[in-house]
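need a 3D model of the following:
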Amino acid sequence: MSSTSKSLWDTMATASKAHGERNDCTVMALTAATGRSYDECHAALAKAGRKSRRGCNFPTIGKRAAKSLGFLMEELDYLDYSAKTMITAERDRKLSTGKYVLRVRSHVAAMIDGKIVDWSQGRRHRIRNIYTFTAIDKAPAWAAPAKAPAGTETWRSFRKYTKRDNLELF
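Coordinates of the predicted model:
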């Protein structure tokens, strides 16, 4: 690990011991990826459904916790990167900048600017998914829900509009 990722890992490990945690890779990965404190991420994951000293389903519980922290969690398409293992993820040029969470079997790890911030750095764990986090105020325009025209509370009310009205219905 580089010196910055080593210091981040040491800070998270100290906070983990203070909480008496184990199996908290989701908390540590969310902490590193969002830049929030360990305590904030621990509380957000607990509110989202994670039980203390137990692992959790990161794609569902992590997404809820990220949203409560003010981040949009998105899964990268597998065509957007060529990495297959954690070792090759550190060498992948497409993942060389930014903050990501790599999901492998029974574990998640954070990757910041091309360096794994986890005990599993240098291991050949096969990557299942890669997630990226964007602050909600910087979320892409397509992520915001479209507003329906006034007076169209039900689905049937959309029928009165036609293509000529040039309204964005969806």
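
contacts, neighbours, all on C-alpha from now
Will do.

restricting to C-alpha, output the helix or strand Ala110 falls within in PDB.
Element membership for Ala110, per DSSP states H and E: strand 107-112. Coordinates of the C-alpha atoms in strand 107-112 are reproduced here as PDB (Å, rounded to 0.1, in the frame of the first residue of the first chain):
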ATOM      1  CA  HIS A 107     -15.800  -9.400   0.300                       C
ATOM      2  CA  VAL A 108     -15.700  -5.800  -0.900                       C
ATOM      3  CA  ALA A 109     -12.600  -3.600  -1.200                       C
ATOM      4  CA  ALA A 110     -12.000   0.000  -2.000                       C
ATOM      5  CA  MET A 111      -9.800   1.200  -4.800                       C
ATOM      6  CA  ILE A 112      -8.600   4.800  -4.800                       C
END
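
gap between that strand and the chain center?
From the chain centre to the centre of strand 107-112 is a distance of 10 Å (Cα atoms, centre = their mean, to the nearest Å).

show me what that strand is packed up against.
Strand 107-112 is packed against helix 25-34, strand 99-104, strand 115-117, with contacts defined by 3 or more Cα pairs under 8 Å, 6 or more residues apart in numbering; DSSP states H and E.

average pLDDT across the longest helix belonging to the chain?
In the chain, with assignment by DSSP state H, the single longest helix is helix 3-19. What helix 3-19 shows for mean pLDDT is 86.

distance of the residue nearest to Asp80 when sequence neighbours are not counted from Leu76?
Using Cα to Cα, 6 or more residues apart in numbering and skipping residues adjacent in sequence, the residue nearest Asp80 is Lys94, 7.5 Å away. As for Lys94, its distance to Leu76 is 11 Å (criterion: Cα to Cα, to the nearest Å).

and if you look at Thr60?
Computed as Cα to Cα, the Thr60 to Leu76 distance reads 15 Å.

how about Gly35?
For Gly35, the distance to Leu76 (Cα to Cα) stands at 20 Å.

where does the residue nearest to Asp80 land in three-state SS?
Secondary structure, DSSP: H, G, I helix; E, B strand; the rest coil: Lys94 is helix.

could I get the pLDDT score of Pro145?
56.

hmm, I was thinking of Thr152
With respect to pLDDT, Thr152 scores 55.

ok, now Ser120?
89.

over to it. Which of the three states is it?
coil.

quick check: closest non-adjacent residue to it.
Excluding the flanking residues, the one nearest Ser120 by Cα to Cα, 6+ apart is Ala109, at 7.6 Å.

who's in contact with stretch 109-116?
Here stretch 109-116 makes contact (Cα atoms under 8 Å, 6 or more residues apart in numbering) with 1-2, 5, 25-26, 28-30, 32-33, 86, 89-92, 95-103, 117-118, 120.
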